[in-house]
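Student: what's the 3D shape of this:
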Amino acid sequence: MTRSNIFLLGLALVQIVLIILTGGDDVTIETHKEEMGREPFAGLQVSAVARIEITDDDLRTVVLERKEQPEKEKESEEDQSKDEDASEEKEEEGRWVLANLGGFPAKSGEAERAIRAIAKVRLMRVLTRRKKNFTALEVSDARFARHVVVKGEDGRVLADFYIGDSDRPNTVRFREAGKEVAYEASGIDTWDFNADPTSWVETSFTDFEKQDIVRVRLENENGTFEIALEEKQKPAAEGGEKAAAGEDEAAASRPAGQEGGKKDAAEGEAAEKVWVVVEPAPRAGTVLDKDDVEIWLGSFCSLYLADPIGPDETKAEYGFEKPTARVVLTMKDGQAHEIVIGAFREEDKDYYARRSGFDYVVTLREWSVNGPFKKKLDDLLPKEEDQQEDK
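Tutor: Take a look at the predicted model:
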């Protein structure tokens with residue numbers, strides 16, 4: 001067999017494979033000029049969109065809705081915008097929420113980014129016009145990587161399409177709902193439309209500065225304890241004690257009304273901030289290990305949610321009536337922040353949680369709860385070796 005025959009045989013095999021994959025649809029082999037570069041949603045505007053529904057291949061669904069802002073919030077944002085560069089693009093009025101989670105706050109920037117991505121969808125070429133091939137391409141009504149529906153204020157459908165993962169870089173397989181043609185398209189990716197609610201919300205649950213905390217009260221299965229940050233004079237060194245004793249003798253011999261150098265020396269002494277026990281009463285005043293306390297406090301300052309759940313309602317499943325733990329962090333400005341840990345979800349390995357100032361329930365990972373929220377007071381006491389060094 002000559003080389004030319006081998007080459008022709010190879011071309012024939014490639015054509016056979018294409019025919020098998022496309023079901024003999026010859027329009028998939030050639031690019032159609034009338035389809036190349038078309039942008040089906042080019043006119044889509046962020047301001048026109050009121051709802052985005054996303055379903056993934058596991059049939060998980062997330063629903064984003066745009067809500068009008070309360071008048072006070074609008075006035076506050078308008079005041080802030082006055083100081084901003086006039087040429088800077090202003091975000092559309094309204095805030096985005098997860099409608100399927102009771103209005104849980106969503107990141108407006110992410111929702112608007114998704115809308116802009118849809119507007120940039122560009123059709124590259126026709127893949128098939130045969131309905132039986134849609135399933136293999138993951139763009140059929142029953143099988144897809146993502147199904148996205150975009151609606152306006154009046155419920156009118158602005159975009160409705162299916163996308164499937166492509167083996168070619170920077171492209172997806174694409175089909176508009178109700179149409180009998182699938183394309184290769186650019187401008188979007190399946191990851192732009194994640195049906196995991198966590199992808200659309202702010203995952204930071206707490207954001208405190210450790211150095212601002214001056215008092216902590218913790219209630220858990222081990223009992224209740226409260227600690228506070230106090231100032232105490234550093235213990236005088238041996239030489240300083242002798243000097244102080246000499247000052248006492250000198251002070252006794254001075255005429256009434258005269259002050260010596262002892263007061264000045266005392267005023268010059270540096271005060272040390274230490275963490276001490278407030279409650280339980282029998283252990284009040286006990287000085288704790290400062291490093292251990294600060295490491296512990298840091299665990300409360302940057303907590304991240306596992307899942308957004310919904311509005312802070314009284315539901316037995318949340319377990320807030322008999323909480324696993326409750327902590328109150330008091331700041332140096334007097335503001336107190338409460339975090340309540342509810343029931344454990346065995347399947348997901350996390351705990352329901354809520355905090356003051358936030359009207360929604362979330363879950364926190366098991367490992368982020370077991371350490372800080374189940375702490376014992378004894379865990380914060382100075383180690384024996386530290387006590388020996390102090391002596």
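
Student: residue 190 and residue 166 touch, don't they?
Tutor: No: look at residue 190 against residue 166 with C-beta atoms under 8 Å: they stay out of range, at 9.1 Å. (Each C-beta comes from the backbone N, C-alpha and C, glycine too.)

Student: which neighbours do these two share?
Tutor: The contact sets of residue 190 and residue 166 overlap at residue 172 (C-beta atoms under 8 Å, 6 or more residues apart in numbering).

Student: which strand or helix spans residue 114?
Tutor: helix 108-119 (DSSP states H and E).

Student: how about residues contacting that helix?
Tutor: Residues outside helix 108-119 that contact it (C-beta under 8 Å, 6+ apart): 39, 41-46, 49, 52, 64, 66, 91-92, 94-96, 148, 150, 159, 187-188, 192-193, 199-200.

Student: show the subsequent helix or strand relative to that helix.
Tutor: Using DSSP H and E, the helix or strand that follows helix 108-119 towards the C-terminus is strand 122-128.

Student: residue ranges of the helices in the stretch 201-350 of the chain, please?
Tutor: Secondary structure of the stretch 201-350 of the chain (DSSP state H, counting those that start in this stretch): helices at 238-253, 261-268, 290-301.

Student: related to what we said a few turns ago, off-centre distance for the helix holding residue 114?
Tutor: In terms of C-alpha atoms, centre = their mean, to the nearest Å, the centre of helix 108-119 is found 18 Å from the chain centre.

Student: buried set for that helix?
Tutor: For helix 108-119, the neighbour count (16 or more other C-beta atoms under 10 Å) marks 108, 110-112, 114-115, 117-119 as buried.

Student: out of those, which comes closest to residue 319?
Tutor: residue 110 (30.6 Å; C-beta to C-beta).

Student: picking up where we left off before, just the buried members of the contacts of helix 108-119?
Tutor: Counted by 16+ other C-beta under 10 Å, those give 41, 44, 46, 49, 52, 64, 66, 92, 94-96, 148, 150, 159, 187-188, 192-193, 199-200 as buried.

Student: so which of the contacts of helix 108-119 belong to helices?
Tutor: Judged by DSSP state H, helices contain none of these.

Student: work out for me the element residue 382 sits within.
Tutor: Going by DSSP H and E, residue 382 is not in any helix or strand.

Student: how many neighbours does it have?
Tutor: Using other C-beta atoms under 10 Å, residue 382 has 17 neighbouring residues.

Student: tell me who's in contact with the residue lying closest to residue 120 once chain neighbours are set aside.
Tutor: Of all residues beyond its chain neighbours, the one nearest residue 120 is residue 187 (3.9 Å), with distances taken as C-beta to C-beta, 6 or more residues apart in numbering. Applying C-beta under 8 Å, 6+ apart to residue 187 gives the contacts 39, 117, 120-122.

Student: one more time with 6 Å, if that's ok
Tutor: Neighbouring residues of residue 187 by C-beta atoms under 6 Å, 6 or more residues apart in numbering: 120-122.

Student: closest to residue 347 among those?
Tutor: Taking C-beta to C-beta as the measure, residue 121 is the one of the contacts of residue 187 closest to residue 347, at 37.3 Å.

Student: please report how far that closest one lies from residue 374.
Tutor: Going from residue 121 to residue 374 by C-beta to C-beta, to the nearest Å gives 50 Å.

Student: got it, and residue 68?
Tutor: From residue 68 across to residue 374, the span is 43 Å (C-beta to C-beta).

Student: CA atoms only: put the helix holding residue 114 into CSV for me.
Tutor: Coordinates of each C-alpha in helix 108-119 appear next as CSV, following Å, rounded to 0.1, in the frame of the first residue of the first chain:
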residue,chain,number,x,y,z
SER,A,108,-24.7,41.4,43.1
GLY,A,109,-21.5,41.6,41.2
GLU,A,110,-21.6,37.8,40.5
ALA,A,111,-25.1,37.9,39.2
GLU,A,112,-24.4,40.9,36.9
ARG,A,113,-21.2,39.2,35.7
ALA,A,114,-23.2,36.2,34.6
ILE,A,115,-25.7,38.4,32.7
ARG,A,116,-22.8,40.1,30.9
ALA,A,117,-21.4,36.7,30.0
ILE,A,118,-24.7,35.7,28.5
ALA,A,119,-24.7,38.8,26.4
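
Student: average model confidence for that helix?
Tutor: The average of the pLDDT scores along helix 108-119 is 95.

Student: same question, stretch 271-285
Tutor: Stretch 271-285 comes out at a mean pLDDT of 94.

Student: name the residues of it that come out as buried.
Tutor: By neighbour count with 16+ other C-beta under 10 Å, stretch 271-285 contains the buried residues 274-275, 277-278.

Student: good, we can wrap up now.
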